[in-house]
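# Make a model of this:
(chains A and B)
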Amino acid sequence: MVYESDKTKETETLIAELKGFKEEVITKYPNKVAKKRAKSIVLSDPVDTPQIQANVRTIPGIITQRGCTYAGCKGVVLGPTRDIVNITHGPIGCGFYSWLTRRNQTKPEDENAANFITYCFSTDMQDSNIVFGGEEKLKQAIREAYELFHPKAIAIFSTCPVGLIGDDVHRVARHMKEEIGNGINIFGFSCEGYRGVSQSAGHHIANNGLFKNLIGRDDEKKGSLKYRVNLLGEYNIGGDAFELERVFEKCGINLVSTFSGDSTVQKFENAHTADLNMVMCHRSINYVAEMMETAFGIPWIKVQPIGANSTAKMLRKITQYFEEQELIDRVEEVIAEEMKEVETVRAAIYPKTRGKKAMLFVGGSRAHHYQDLFEELGMTTLAAGYEFGHRDDYEGRHVIPTIQIDADSRNIEELTVTKDETRYNPRKTEEEMKKLEAEGMEFNEYHGLMKQLEKGALVIDDLSHYEMEKLIEKYKPDVFCAGVKEKYVVQKMGIPLKQLHNYDSGGPYAGFKGAVNFYKDIEQMVCASIWQDLKAPWESEEYIEAQFVY
Amino acid sequence: MGTNTTNRITGGVAAGKSYSSSCNACKQCAPLGACVAFKGIEGVLPMLHGSQGCATYIRRYLISHFREPVDIASSNFSEETTIFGGNKNFNAGIDNIISQYHPKVIAIASTCLSETIGEDVQRLINEYKSIHSDEKNLPEMIYASTPSYAGTHYEGFHQAVFATVKALAGAQGEPGRHINLFANFISPEDIRHLKEISSDFGLDTVIFPDYSDTLDGTSWEKYRRIPDGGTKPEDIRRTGLALMSLELGYILNSGGKNRVSAGEFLEEHFDVINRRIGLPVGINETDRFFNLLSDISKNPIPEKYRKQRGRLVDLYIDGHKYVANKQAVIYGEEDMVVALAAFAAEIGLIPVLCASGGESGKLKNTLKSVLGDLYYEDMVVGQGFSFEQMEEIMQSLHPDLMIGNSKGYYIARKMNIPLVRTGFPIHDRLGAQHSRCLGYEGSLILFEEIVNTLLEDKQRQSSVGYKYM
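Residues are numbered from 1 along each chain as shown, chains lettered A, B, ... in the order given. From the prediction side, this is the model:
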C-alpha cells in the first residue's frame, strides 16, 4: 500500500472516480456480454475482499490478452529449461511463435554443456499427417533429436490437431523411451491449445508432468551450503533468476532448483531434497508446491522478490524459517549492503515519480508483484488485473474450496499425490510449525492481489481491448503495464507502456539490482519528453485561437 | 551460448540427408500471412476461426514487427467446440465484432484446428447472413482457407489475397481503364512507393493489399479501433473490370494444391489479362517494371525516375568494388529471395545460397530464368529449408554476408558474419515497417545498407582504426 505521504490529492480524487467505470463500460456491451463482464470488474477492498469472476472463457470476438494451453505449458513452464529437447508436435506455427520470444535466459555450466533453448524443434505436420496420423513422424523426430543431441530428456508438446486426430503422445513417449534406452527420459504433454480457458491450463498440465516425470529422481544432496531452498514460479526473464541466484549465494543459501528459470533436468530431479519451497508466481506453479509438500513434507511459503523491500522481506522469511543466528546475521549484512545502492538511486528518482499513477494488466502474478516496485517509487496502482489468474490469485487461497469447477478445469488431470513411502520427511515438527506460525510465518498461504491494492482501486479480470481503451481515456495513468500486444494501442493514446512479459529488452527487475533497473526505466518512461510532442503546434486549439491584437 | 557443438548436425543435408522433423524453421504458418493480407483491406477486422492462442501468437508476432496495434479476433474454440463444431462460437464472434468494431469487412481465416474438424466456414458465413438477412449494413465477410499444415505464411498471404478478390470482385459496370496491382508481402514503406510510382504514371491503380497505413500509422489524437487506410472494398469490387492485373512475384501461392492467385482468378472469371513480373528490386527487374508501366499508361517514364535510375547506376559504380565477389546467403519468402538474388548478382555479389522455407518446388527454376546469364552455377538453392539446414551448408561455404529476416541472426552471430535485415520478421531492429528495397530508390537504399554493413564489418575487424575506407 502506498504511504499516505506519497499520495497526492489528485490521486485520491481519481480513486473516487473509478466507481463509475464499470457502469459506463458494460452498458456498451450486448446484454449477455454485459452480464458476464460485470462479474469480472470489481472495486478492490483489502479488508472485505469482494468476489471476482476469473478463469472463465473469453467471449468469442472480444479481443483478449490471453494465450493458449500450449503456450502455458511449452512456452512458460518447460521452455526455460536448457537441457530438455522440447519438440512441438504439430504444424509449424506454434513451435515457431514460441521460439525464444519470452526472452528467458540460461547459463550453461561451460562451453560444452547442453543448451537447447535456442532451438525450435517441430514435427512440422503436413496434411498427410493430419489424415493418416502423425505418430510415426513424431517417433522419427525423436530419433533425429536423439541422434543429433543425445539429450538427457525429450519432451513432447501437443498442439490443437494432435488431440483431434487421436495421436497419443504419451504412448509414443513410452515407446521411444524403450527404443532408445540409455536412461533417456521422454515424456509428453496433452496441452492442446483449445483445452483450457487460457495458458493457465497449460501451467497445470506442465506442473503435473514435472511431478510425474522429473521431480524426485535423484536423492543425492548436492552443494555444501546447508540452507536448502527451491524457488518456484520464476522464469528468468531478462536475467531475473541470475540476480536472485546472486543474492542467495551471497547470503549463503543453497538454491537447489528454480522452476524453471535457468533450470536443468538434474535440478528438477533433485528438487525434493530442499527444505523449503518458495512460491513466486503462485498461479503457474502452486500445484508443484502442494504436491511436493504432500509427497516429501517440504513446507511452502509465498514470496515476491520484485522490489527491494520485498526481496529483503523474502530473505528475512528464510532466516525466520531456518532459525539460525549465523544466517540471520549474514542476511542482515547483505540487506544492509545491497540497500545502499538501492536507496541512493531511489532517492534521486523518487521526487520525479512520487504521486504518479500506474495500471497493471499482466500475467497471473505480475500484476500483483510489480505493485511493490511502484510503491517504492511512491506511485499508486489505480487499476490491476490478470490475464489468466484464478479467483485465489485475486482474493487469496481461502476461497479455493468455494471455486466452482467448470468443464474446462475438469479437463485437466488432478494428480492424486500421497506421502512418498520412503522419502516423506516433514522438515519441521508440528510444534515447530505452530511456533513459526505464531511468530507470523504463513505457510501454504497467498492473500492475493486485492489485499495490496488501495481501497477503491479497479480490479478487472481478462481485460478486453475495449475496456483498456476506456480506462486510459478516462483516467490517463502515467504508465500502463502489459505486453507487446497492448503496447502500441496504449502508446497511440499517448501513454507509455512498460512490457512486463519481456521487459522491453530491459531487466533484470527482480532482487536488489533489479529494483534499481526498474526505478531507472520507469523514471525514463514517465519523464520522457516525447509525450509532449504528440500534437503538432498547428493542431492545438490555442494556436488556432491565438491572434495578434493590435 | 554453450551449445554442445560436438553433437551438432554436421553436413547432414550437404551429404544428402533429409530430416523428418524441423529444427529452426524458416517459415511461419499460413493464417499469419492471411492476417497481414487482410489488414490491407479498408475497414477490416480479421478473425481466426480456431483456438484463441493462434490469434494471440500471430498478433504478438506481427505487432513486434510492425510496432503497431494489430487487432485479430478469434472464435475461441473450447474442447466442446471441437466436438460439436464451431458455429455457436463463430456466430458469437461475428456478433461481438460487429457491436464493438462496426467493421466494413470481417475477414476470416481458418486454422489447423477448424480445418481438422472439417468446418465449412463458407457455410457458416452463409448461415449467418441468412439469419441476419433483414439487417442493414451487415459487413462483407471474406473467408480464406489457410490450414497451417499446408504451405507457409507466404501461401497464406496469397490465399487471402485470392479469397478477398474472389469474394468481392464483380463484373457489374463498364470495363474501366484502371489496372490491378497485387503488391505481394512487402513493407508498408514499399507499398507507399508503389503508390507514388503508379500515380506519377497517371495510372488509376487498385493496389491490394494496401496495409501501408493500417500497419504503419501516425500517432493519433484519439484512439481508432480500426485504423484508417487499406484498399477500399469498392476498389476491390472493380478489380473484375480492370484493364489488366499485375502480380509482383513469380511464385506466389502456386506451390499448393489447386491454388489459384488473385490475378489468375480474375483472368479466368472476368477476362482480366494477368501479367506476372518480378518484385522490382535492382536495375534489371525495376527496368522491366517501369517499362511495363510506361507501356500500360502510354506515358514516358517520368524524369524523376530516370534520375533515380541514374543515381542508382552512379552508386553502383561508386560502390561495386566493396561488394564484388563477396559471397552472400539470401533467405526468406520465395519471391523475395528471387528478387534479392537478382539484385545481388547484378551488383557483383555471389549468391552462394538462396534458401526459403517455402516448398513450391519452383525456386530453383525461377532463379535460373530471372537471373539468366547472372545465374551462378554452384549456387545452392534450398527449397523447404530450415535455418539449421542453411547453417550446415554455410559452414562449408564460409559466406561473407547474410541478407534476410532477423531470425537468421543467430547464425550470423555464430559465424561472425554481418547480417543485412530485410523482409519479415525483423524483431531486433527499429523500423521494419520502413525497410525498403523496391524501385530504383529502394534498391539504392538497400545497396547502401549492404555496402555500409560490409564496410562496418571490415572496419571493426581491422587492427588499424581506418577512417577512410
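# Quick one: the strands in the stretch 1-150 of chain B, in order.
B:22-23, B:44-49, B:73-74, B:105-110, B:140-144 (DSSP state E, counting those that start in this stretch).
# Equivalent analysis for chain A, please.
A:41-43, A:84-89, A:121-122, A:153-158, A:185-189, A:227-234, A:253-260, A:276-279, A:300-302, A:357-361, A:380-385, A:458-460, A:479-482, A:497-499 (DSSP state E).
# Around chain A, pick out the residues from the stretch 251-400 of chain B.
Contact residues, the stretch 251-400 of chain B versus chain A (Cβ under 8 Å from any Cβ of the partner chain): B:Glu388. In short, each C-beta sits where N, CA and C put it, glycine included.
# Show me the strands in the stretch 251-400 of chain B, by range?
B:273-277, B:327-331, B:350-356, B:380-383.
# Kindly reformat these as TSV containing mean neighbour count.
Converted to TSV, the strands of the stretch 251-400 of chain B look like this (neighbours: other Cβ atoms under 10 Å in any protein chain shown):
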stretch	mean neighbour count
strand B:273-277	16
strand B:327-331	26
strand B:350-356	24
strand B:380-383	20
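# how about the ones you listed in JSON lines, adding mean pLDDT?
Output for the strands of the stretch 251-400 of chain B, formatted as JSON lines (pLDDT from 0 to 100):
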{"stretch": "strand B:273-277", "mean pLDDT": "97"}
{"stretch": "strand B:327-331", "mean pLDDT": "98"}
{"stretch": "strand B:350-356", "mean pLDDT": "98"}
{"stretch": "strand B:380-383", "mean pLDDT": "96"}
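# Generate TSV for those, with distance to B:Glu303 as supplementary columns.
Shown next, in TSV, are those (distance: least, Cβ to Cβ, whole Å):
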stretch	distance to B:Glu303
strand B:273-277	23
strand B:327-331	33
strand B:350-356	33
strand B:380-383	39
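# what ranges do the helices span in the stretch 451-550 of chain A?
For the stretch 451-550 of chain A, the helices defined by DSSP state H, counting those that start in this stretch occupy A:465-475, A:484-492, A:511-526, A:541-545.
# In JSON lines: the ones you listed, plus mean pLDDT and mean neighbour count.
Output for the helices of the stretch 451-550 of chain A, formatted as JSON lines (pLDDT from 0 to 100; neighbours: other Cβ atoms under 10 Å in any protein chain shown):
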{"stretch": "helix A:465-475", "mean pLDDT": "92", "mean neighbour count": "19"}
{"stretch": "helix A:484-492", "mean pLDDT": "94", "mean neighbour count": "22"}
{"stretch": "helix A:511-526", "mean pLDDT": "97", "mean neighbour count": "22"}
{"stretch": "helix A:541-545", "mean pLDDT": "50", "mean neighbour count": "8"}
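# just to revisit the earlier point, looking at the strands of chain A, which is closest to chain B?
strand A:121-122 (4.8 Å; Cβ to the nearest Cβ).
# Leaving out the residues flanking it, which one is nearest to A:Phe211?
A:Met291 (4.9 Å; Cβ to Cβ, 6 or more residues apart in numbering or on different chains).
# which ones are touching A:Gly202?
A:68-77, A:191, A:195-196 (Cβ atoms under 8 Å, 6 or more residues apart in numbering or on different chains).
# go with 6 Å
When contacts are counted by Cβ atoms under 6 Å, 6 or more residues apart in numbering or on different chains, A:Gly202 touches A:69, A:72-73, A:191.
# burial measure for the closest residue to it other than its chain neighbours, as a count.
Once flanking residues are discounted, A:Gly202 sits nearest to A:Gly72: 2.6 Å by Cβ to Cβ, 6+ apart. Residues contacting A:Gly72 under the criterion other Cβ atoms under 10 Å in any protein chain shown number 30.
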